[in-house]
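Trainee: give me coordinates for this.
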Amino acid sequence: MARSPRWPLTLALCSGYFLVLLDVTVVNVAVPQIGAELRTGSGGLAWTVDAYSVPLAALLLASGAIGDLVGHRKVVLLGFVGFGGASVLCALAPSIGVLVAARAIQGIGAALVLPGTLALLVDNSPDETSRNRLVGAWAAIGGAALPAGPVIGGLLVQAAGWRAVFWLSVPVITLALIPVIRLPGSALRSVRNVDWAGAALLVATLTCFVTAIIQGPAAPRVAVPFAAVAVCALLGFLVLEQRVPQPLLPVPREARRPLGLASLVAGLMNLCALGALFVLTQVFQTVHRLDPLAAGVLTLPAMLPLPLFGAPAGRLATRIGVWRAAAVGLLVAAAGMAGIATDLTTTGTGYIVLALFLAVWGTGLGILTPAIVAAALKATPRAPGLASGASNTARQTGGALGVAIFAAVGGSATAPDFSSNSTVLLMNAAAAFVLAGLLCLGVARHRQPS
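Mentor: Model prediction:
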């Protein structure tokens, strides 16, 4: 029988989930200060963000399977300890190399924490009503992490410098450990084995792709071998997943196309959103000379609609269909991105128009996010965990690739052409959203509801 959850456990698990998602965006505002103090260029700054995102994306599926095999309590505890210890290393990092390595350990810890927090909440819910309420709170807290990231980061950086961004996690993780340690061993969900080879190939694929993209402009001779290894690892992963008895993504044949398309759109969404956020925070601070707090607050109109539009977007998807709702979100977001791009080079002392375009962009993302998650769930209605795992992996992968691409093309924030490069990137992202929206409309025509 499930155990009745106590509020310290619920708070600890939700806080851990919040920190995992917060660290996807909170560092962006600190990037200019990190670059100045540690004397690194756009490549090092991109790795400051992506060293966290790459292991988080690549290990999500494997960590869920590990939790099923050995118990989610052990995995979450290991993730908390790794995340907290790595946060200390990040805060004390004397060089960009140490910071990137510590961020990678943080990302591994985050990957261990994220699936397990929800599993422990569900395991320790006394009944279905309580379970639904806790899952809703867990999702809402996670949704609040994206808009909170730039603002919290701006506050900490302005008040105490970039290292404070990493010190924030230490007391929260320390307190969160206590109720999880007191838990008895969690029930095992299955006896399935972990596809270690598939997990290793996924890590190699994403790491080599990101390395090739970041190194491409400065060292193409280094980038080419990494790109070749990435392609080989990806092909190896796809072949392996067809042959192993228990793959990381056991997708039924009939669900492959719709789930693949939903995951592709989810990945594109984060690729453009997190890539754009990476360059915009530098444009605001380095080009327009805003302080970190002001830069963080200026991104709020783009991030705030994501948690606020969940329920209205869900109703819209129910009324017009998930693919049409996704198309609406993509086209609205494209309009906002195009507006931001055109306004970047003309903004002087007033930022009202730019904030309005940011709000339009965020509104599109707020409509798109629940619609594309619903599309993934619709593709595998009997396996919601599979749909969630595929969608989350695609989104984190897209985010890691987006930061790498935008950093490589944008270049150094102190270069004269950084603003114009950022404008080109945003316009291309808007065009990609339009094409994806048209694709979703095409899918909607062929998948009429019965």
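Trainee: hey, let's count contacts and neighbours off CA atoms from now on
Mentor: Noted.
Trainee: next SSE after the strand or helix carrying residue 371?
Mentor: Take DSSP states H and E as the rule and residue 371 turns out to sit in helix 352-379. Heading C-terminal from helix 352-379, the first helix or strand you meet, by DSSP H and E, is helix 384-410.
Trainee: now for the helix or strand that that next one is followed by, which elements pack on it?
Mentor: Per DSSP H and E, helix 384-410 leads on to helix 418-446 as the next helix or strand towards the C-terminus. Helix 418-446 sits against helix 256-282, helix 322-344, helix 384-410, with contacts defined as 3 or more CA pairs under 8 Å, 6 or more residues apart in numbering; DSSP states H and E.
Trainee: so which bits of the helix holding residue 371 are buried?
Mentor: 354-379 (16 or more other CA atoms under 10 Å).
Trainee: that helix vs helix 256-282, what angle?
Mentor: Angle of helix 352-379 versus helix 256-282, following axes from the mean of the first three to the mean of the last three CA atoms, to 10 degrees, is 160 degrees.
Trainee: give me the helices and strands touching helix 352-379, please.
Mentor: helix 256-282, helix 300-303, helix 305-308, helix 310-320, helix 322-344, helix 384-410.
Trainee: average pLDDT for the third one, rounded please.
Mentor: If I follow you right, that is helix 305-308. For helix 305-308, mean pLDDT is 80.
Trainee: one more: the first one?
Mentor: The average pLDDT within helix 256-282 is 90.
Trainee: now it, how far from the chain's geometric center?
Mentor: 9 Å (CA atoms, centre = their mean, to the nearest Å).
Trainee: tell me the angle that helix makes with helix 322-344.
Mentor: 20 degrees.
Trainee: can you state the direction angle for helix 256-282 and helix 384-410?
Mentor: Going by the same axes, to 10 degrees, helix 256-282 makes 40 degrees with helix 384-410.
Trainee: same check on the fifth one?
Mentor: Counting by the same axes, to 10 degrees, helix 322-344 lies at 20 degrees to helix 384-410.
Trainee: buried ones in helix 322-344?
Mentor: Buried, per 16+ other CA under 10 Å, within helix 322-344: 322-344.
Trainee: mind splitting this protein into its structural domains?
Mentor: Following automatic domain parsing, one finds the domains of the chain at 1-194, 196-245, 254-450.
Trainee: endpoints of the second one, how far apart?
Mentor: Taking CA to CA, to the nearest Å, domain 196-245 runs 13 Å from one end to the other.
Trainee: now residue 363. Nearest residue, chain neighbours left out?
Mentor: Leaving aside its sequence neighbours, residue 363 sits nearest to residue 305 (CA to CA, 6 or more residues apart in numbering; 5.4 Å).
Trainee: ok, now which ones touch that neighbour?
Mentor: Contact analysis of residue 305 by CA atoms under 8 Å, 6 or more residues apart in numbering lists 359, 362-363, 365-366.
Trainee: chain neighbours aside, what residue packs nearest to residue 423?
Mentor: Nearest non-adjacent residue to residue 423 (CA to CA, 6+ apart): residue 341, at 4.7 Å.
Trainee: brain fart, residue 389
Mentor: residue 61 (6.2 Å).
Trainee: could you measure from residue 10 over to residue 181?
Mentor: Going from residue 10 to residue 181 by CA to CA gives 13 Å.
Trainee: more crowded one of those two?
Mentor: residue 10 (23 against 14; other CA atoms under 10 Å).
Trainee: give me the element the more buried one is part of.
Mentor: Assessed by DSSP H and E, residue 10 sits inside helix 7-25.
Trainee: and that helix, what's its mean pLDDT?
Mentor: Mean predicted confidence for helix 7-25 is 83.
Trainee: returning to what we had before: who's in contact with the residue nearest to residue 423?
Mentor: So residue 341 contacts 422-424, 426-427 (CA under 8 Å, 6+ apart).
Trainee: now swap in residue 277 and tell me
Mentor: Residues near residue 277 by CA under 8 Å, 6+ apart: residue 28.
Trainee: so where's the stretch 51-200 of the chain shaky on pLDDT?
Mentor: 124-137, 139-140, 143, 185-192 (pLDDT under 70).
Trainee: now do the helices in it.
Mentor: Along the stretch 51-200 of the chain, the segments classed as helices by DSSP state H, counting those that start in this stretch run 72-92, 96-123, 128-160, 163-167, 169-182, 196-215.
Trainee: with distance to residue 299 added, can I get those in a markdown table?
Mentor: Formatted as a markdown table, those follow (distance: least, CA to CA, whole Å):
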| stretch | distance to residue 299 |
| --- | --- |
| helix 72-92 | 24 |
| helix 96-123 | 23 |
| helix 128-160 | 7 |
| helix 163-167 | 17 |
| helix 169-182 | 22 |
| helix 196-215 | 25 |
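Trainee: deepest in the core, which of these is it.
Mentor: helix 96-123 (a mean of 24; mean count of other CA atoms under 10 Å).
Trainee: now the angle from that helix to helix 72-92?
Mentor: 150 degrees.
Trainee: what's the closest of the contacts of residue 341 to residue 435?
Mentor: Closest approach to residue 435 among the contacts of residue 341 (CA to CA): residue 427, at 12.6 Å.
Trainee: ok, how many other residues are close to the closest one?
Mentor: 20.
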